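Student: Quick one, what's the 3D model for this:
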Amino acid sequence: MTGKAKKVRVGARSIDESSLLAELSNVQKRIQTWATEMELWHDSGFQTPFIFHNEPPRSHDTLLLITEGPLTRIYESDEIEGPFHELLDELGYWYEMENHYTFSLYPVDDVRREEFLSLYRWQWLQKLSEKRTFDLHTEVFEHFAKRPVDMNDLHWRKFEELLDSIFKNQGYRTELGPGSNDGGIDLRLYENTARPELVTIVQAKRYSNPIKFDSVASLFGVATMEGAPRALFATTSRFQPKARKFALMSESKLGLPTLELADGTRIGEWCGEISKNLERYFTDGIDAPPMVSEAKGELAGKIVVARGGYNCTDHFFAKIEADFPNEVVLRPLGDEIVSGDWMAGYHVASETKRSTWTQESRLLAEKTSPTDFKVSRKHFSIWDGTPRWFNCD
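Tutor: Predicted coordinates for the structure are as follows:
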């Protein structure tokens, strides 16, 4: 993606990334200055929430104040709590405690919070693009469905990778070209893994100017030489009338490839359909994306466990349903007590008991190592099958 400052659309208004970042800088400076003068700043610092938690941005997640020093005494001393509240009120901010050492700061104004959320969502997409992990992220396709114009802000290679993810979600086996010296073919689409016949060649252009007849005719010629039954020209821009007329004429030529044109609006529609399908899969557990059934890596079928609990010791179990290079799909599992009672004892994973630690049917977890995964602020590792101690007394 481009690294320039970006105008982000919020409803009918544009917001300036630089003004939001300047506001955050001022908030941090004022809080740090106050805490330093109060001799409270030791072992304290700020973090961007979605970066710190490594998960999609959420409303109210604007700025984290993390401290393991004397700032934790805010709730214990009126002499600290009062001035802190006054400072936040002056800045137009408030806070919630995530835990005993993390303050989640956010603007009081609802519109301003939404502006930060839009900015962070775009930055989250940038983070995903760096790892090439578009395929199963609902928020990626939802964003471009609502804002297809933002595809213009993708680097041209990232636009090709977005299309690759779109076609995978449509059920094709894809072959992404090298990005240069590709003979005019950016993507090759095959029927599926079981039937490897080439069905479509794709040319992708992240352009601002309308696509001319010559470009479309050239792709048609490449498809004819390749023996591909279909050619698709996908662009963030639009097509000149002569180019569209040529594509329509190709439909009546027997024995020659058919030519399809997809502009930014059409690609946005594809993204909308994929977003809905992914939402159904992760929320309701139905309509599995086509690539999930093919992602039978060596980890598929293994059970993982995370330790957690608030003021207690507990464990959360899940099963790996699909294994990808950088991520895994987890199906949350319930647990069964094998000794003790519901307050304390030992428990194991159960595929028949309902999960109580999340309402989602599926979760997408990042690989932090070949056998460790992070999702929903939980760190999972491969379960060795031994009962785990819990204590909620």
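
Student: what are the ranges of the strands in the stretch 101-250 of the chain?
Tutor: 102-107, 173-176, 187-190, 198-205, 230-235 (DSSP state E, counting those that start in this stretch).

Student: how far does the longest one sit from the chain's center?
Tutor: Its chain's average C-alpha position is 25 Å from that of strand 198-205, according to Cα atoms, centre = their mean, to the nearest Å.

Student: List the contacts of that strand.
Tutor: Strand 198-205 is contacted from outside by 156, 159-160, 163, 167, 172, 184-191, 211, 215, 219, 222-223, 226-237, using Cβ atoms under 8 Å, 6 or more residues apart in numbering. Glycine gets a C-beta too; all of them are placed from N, C-alpha and C.

Student: Make JSON lines from the strands of the stretch 101-250 of the chain and add distance to residue 344 and mean neighbour count to it.
Tutor: Formatted as JSON lines, those follow (distance: least, Cβ to Cβ, whole Å; neighbours: other Cβ atoms under 10 Å):
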{"stretch": "strand 102-107", "distance to residue 344": "28", "mean neighbour count": "20"}
{"stretch": "strand 173-176", "distance to residue 344": "51", "mean neighbour count": "18"}
{"stretch": "strand 187-190", "distance to residue 344": "55", "mean neighbour count": "20"}
{"stretch": "strand 198-205", "distance to residue 344": "58", "mean neighbour count": "21"}
{"stretch": "strand 230-235", "distance to residue 344": "58", "mean neighbour count": "23"}
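
Student: quick one: which of those strands is nearest residue 352?
Tutor: strand 173-176 (35.1 Å; Cβ to Cβ).

Student: Need the strands of the stretch 101-250 of the chain in a markdown table (columns: mean pLDDT and distance to residue 337).
Tutor: Putting the strands of the stretch 101-250 of the chain into a markdown table (pLDDT from 0 to 100; distance: least, Cβ to Cβ, whole Å) gives the following:
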| stretch | mean pLDDT | distance to residue 337 |
| --- | --- | --- |
| strand 102-107 | 95 | 32 |
| strand 173-176 | 93 | 45 |
| strand 187-190 | 95 | 49 |
| strand 198-205 | 95 | 53 |
| strand 230-235 | 97 | 54 |
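
Student: which stretches of the stretch 101-250 of the chain form helices?
Tutor: In the stretch 101-250 of the chain, the segments counted as helices under DSSP state H, counting those that start in this stretch are 110-131, 138-146, 156-169, 213-226, 241-250.

Student: Would you convert these into JSON lines that also reports mean neighbour count, distance to residue 348 and mean pLDDT?
Tutor: JSON lines is the format used below for the helices of the stretch 101-250 of the chain (neighbours: other Cβ atoms under 10 Å; distance: least, Cβ to Cβ, whole Å; pLDDT from 0 to 100):
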{"stretch": "helix 110-131", "mean neighbour count": "17", "distance to residue 348": "34", "mean pLDDT": "91"}
{"stretch": "helix 138-146", "mean neighbour count": "20", "distance to residue 348": "31", "mean pLDDT": "94"}
{"stretch": "helix 156-169", "mean neighbour count": "21", "distance to residue 348": "35", "mean pLDDT": "95"}
{"stretch": "helix 213-226", "mean neighbour count": "17", "distance to residue 348": "55", "mean pLDDT": "94"}
{"stretch": "helix 241-250", "mean neighbour count": "15", "distance to residue 348": "59", "mean pLDDT": "92"}
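
Student: Reformat those as a markdown table; add distance to residue 83.
Tutor: Below are those laid out as a markdown table (distance: least, Cβ to Cβ, whole Å):
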| stretch | distance to residue 83 |
| --- | --- |
| helix 110-131 | 23 |
| helix 138-146 | 38 |
| helix 156-169 | 46 |
| helix 213-226 | 64 |
| helix 241-250 | 65 |
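
Student: Ok, which of the ones you listed comes nearest residue 380?
Tutor: helix 110-131 (18.6 Å).

Student: Can you tell me what sits against the closest one?
Tutor: 1, 6, 8-10, 15, 17, 20, 48-51, 56-62, 92, 106-107, 134, 137, 139-140, 143, 150, 154-155, 158, 161, 326.

Student: now the residues you listed: which count as buried?
Tutor: 1, 6, 8, 15, 17, 20, 49-50, 56-57, 60-62, 106-107, 134, 137, 139-140, 143, 150, 154, 158, 161 (16 or more other Cβ atoms under 10 Å).

Student: Tabulate the CA atom coordinates of the regular element (helix or strand) spanning residue 31 in PDB.
Tutor: According to DSSP states H and E, residue 31 maps onto helix 17-37. Extracted as PDB, the C-alpha positions of helix 17-37 are listed here (Å, rounded to 0.1, in the frame of the first residue of the first chain):
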ATOM      1  CA  GLU A  17      -4.900  11.200   9.000                       C
ATOM      2  CA  SER A  18      -2.300  13.900  10.100                       C
ATOM      3  CA  SER A  19      -4.900  15.700  12.300                       C
ATOM      4  CA  LEU A  20      -5.800  12.400  14.100                       C
ATOM      5  CA  LEU A  21      -2.100  11.500  14.700                       C
ATOM      6  CA  ALA A  22      -1.400  15.100  15.900                       C
ATOM      7  CA  GLU A  23      -4.300  14.800  18.400                       C
ATOM      8  CA  LEU A  24      -2.900  11.500  19.700                       C
ATOM      9  CA  SER A  25       0.500  13.000  20.100                       C
ATOM     10  CA  ASN A  26      -0.900  15.900  22.100                       C
ATOM     11  CA  VAL A  27      -2.900  13.500  24.400                       C
ATOM     12  CA  GLN A  28       0.200  11.400  25.000                       C
ATOM     13  CA  LYS A  29       2.400  14.500  25.700                       C
ATOM     14  CA  ARG A  30      -0.100  16.000  28.100                       C
ATOM     15  CA  ILE A  31      -0.600  12.800  30.100                       C
ATOM     16  CA  GLN A  32       3.100  12.000  30.200                       C
ATOM     17  CA  THR A  33       3.900  15.600  31.400                       C
ATOM     18  CA  TRP A  34       1.300  15.500  34.100                       C
ATOM     19  CA  ALA A  35       2.400  12.000  35.300                       C
ATOM     20  CA  THR A  36       6.100  13.000  35.300                       C
ATOM     21  CA  GLU A  37       5.300  16.100  37.400                       C
END
